[in-house]
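Visitor: need the 3D shape of this:
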Amino acid sequence: MTFARLKLVAAVLAFAAWLAWLATAVAHKGTVQIVSPGQLTDATHVVVLAVAANDAGEVKTAATIVRVLRAPEHDPISGEIEVDRLDKAVTPLPVNGSRRVAAGEHLVPLVKTPFGFRIAGLPRSPGFEGATLEQPVVYPWTDDVKAQLRSIDVLKD
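Guide: Numbers count the residues shown, from 1 in each chain. Presented below is the predicted three-dimensional model:
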């Protein structure tokens, strides 16, 4: 085989690999809750919360901390906390047909305020002052979310 044919075979293999990767990405589109790196950057505390709901299915703003993934050493948190606008929070993709937060465990990036905690928004960056989201985003505590956190060393287990 000549060198030109080897280059052609290598190019065809690279193209086929790229098409396979695209097919895999399309097959998984809309099935993985993508965690916002910007939201994690804005957060002072990253926790897993056990969210509770009342009999009507409405989420309460008080939640119990299941696990603290990141927090300042001088400001540990535990137990039950009040999270501002937790009842207005949504997930990136629908879970059981709805984006509204339901009872269960959720990854919640938090920002400590003088009045308690709020769900993190988007951080400041050049040309952007940052934003607190009107519908704050939280993430169901699933294996896909855990894998994303492991890949950026937020979850160490």
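Visitor: contacts, neighbours, all on C-alpha from now
Guide: Fine.
Visitor: my read is that Ser78 contacts Ile65, right?
Guide: Yes - assessed by Cα atoms under 8 Å, Ser78 is found in contact with Ile65 at 5.8 Å.
Visitor: which of the two has more neighbours?
Guide: More crowded of Ser78 and Ile65, by other Cα atoms under 10 Å: Ile65, with 19 against 11.
Visitor: for Ala11, see how far away the more buried one is.
Guide: As judged by Cα to Cα, to the nearest Å, Ile65 and Ala11 stand 52 Å apart.
Visitor: so for stretch 145-157, what gets flagged as buried?
Guide: Of all the residues in stretch 145-157, those buried under the rule 16 or more other Cα atoms under 10 Å are Val145, Lys146, Leu149.
Visitor: put the alpha carbons of that stretch into CSV.
Guide: Provided in CSV are the C-alpha atoms of stretch 145-157 (Å, rounded to 0.1, in the frame of the first residue of the first chain):
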residue,chain,number,x,y,z
VAL,A,145,-25.1,14.2,37.4
LYS,A,146,-22.7,12.3,39.7
ALA,A,147,-20.5,11.4,36.7
GLN,A,148,-20.3,15.0,35.6
LEU,A,149,-19.3,16.1,39.1
ARG,A,150,-16.7,13.4,39.3
SER,A,151,-15.2,14.6,36.0
ILE,A,152,-14.6,18.1,37.5
ASP,A,153,-13.5,16.8,41.0
VAL,A,154,-16.6,18.2,42.9
LEU,A,155,-17.7,14.6,43.8
LYS,A,156,-14.8,12.5,45.3
ASP,A,157,-16.0,9.0,45.8
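Visitor: so what's the gap between it and the chain middle?
Guide: 11 Å (Cα atoms, centre = their mean, to the nearest Å).
Visitor: then stretch 64-78?
Guide: In terms of Cα atoms, centre = their mean, the centre of stretch 64-78 is set 17 Å apart from its chain centre.
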